[in-house]
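Visitor: I'd like to go over a predicted model; first the sequence, then the structure.
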Amino acid sequence: MNKIFVNLKKQFLPVTLIIILTWARLIPHPPNFTPIVTVAILSGYFFSNIYLSFLTLLISMFIADAFIGFHEHMFSVYISLLLISFIFYKISEKINFKNLFMCSFIASLIFFIISNFSVWIIGGLYDRSLSALVECYILAIPFFGNTFLSTVIFAYPAIFIYKSLSSQSVQK
């Protein structure tokens, strides 16, 4: 029983950071300027159990979406976030302040590719042609910029807080 409490205490900070970042989606913001890609990166980075990583990500996203509203592209958003979380879970030991910028870019690119493919395929805005797919991606470039910028802006402080507070708790 004591082991369960120790594990819960260890997971409190990461879960809290992810919940705070997820709830930041509720604050008015420019299009795609949210911490959701950061949440996916961090849920893969923080937890040693992939199922806890996925569960934390899905629950926090679902609760925020309950307030924001559900939409037709949720499945592709969730799939892209789970893929990002899985990738960063697998490489979590290699993530540091030096390569976090590149990690943010790669994660934002994954989100961009999957979510905009969904817009093209089920959004009803584009023909089902290669030129329409290319047009969809070109028109979404400004959204990619916001996604990438917000991922960088939210990821660095979150990892800094996590590393700082984790090292302080180890010193005590």
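Guide: Received the coordinates, thanks.
Visitor: quick check: closest non-adjacent residue to residue 140.
Guide: The shortest distance from residue 140 to any non-neighbouring residue, by Cβ to Cβ, 6 or more residues apart in numbering, is to residue 116 (4.6 Å). Just so you know, the C-beta spots here come from the backbone N, C-alpha and C atoms, and that holds for glycine as well.
Visitor: so how far is residue 98 from that neighbour?
Guide: Look at residue 116 and residue 98: by Cβ to Cβ, to the nearest Å, they are 29 Å apart.
Visitor: of those two, who's got more company?
Guide: residue 116 (22 against 7; other Cβ atoms under 10 Å).
Visitor: OK, contacts around that one?
Guide: 136, 137, 140, 143 (Cβ atoms under 8 Å, 6 or more residues apart in numbering).
Visitor: go on, residue 137?
Guide: 112, 116, 120.
Visitor: between the residues you listed, which sits nearest residue 153?
Guide: Checking the contacts of residue 137 against residue 153 with Cβ to Cβ, the nearest one is residue 112 at 16.8 Å.
Visitor: that closest one and residue 11, how far apart?
Guide: For residue 112, the distance to residue 11 - Cβ to Cβ - is 30 Å.
Visitor: who has more neighbours, the two?
Guide: residue 112 (21 against 16).
Visitor: and residue 82, which helix or strand is it part of?
Guide: Using DSSP states H and E, residue 82 maps to helix 74-90.
Visitor: can you pull out the helices in the protein?
Guide: For the chain, the helices defined by DSSP state H cover 2-23, 36-46, 50-68, 74-90, 100-122, 130-139, 141-171.
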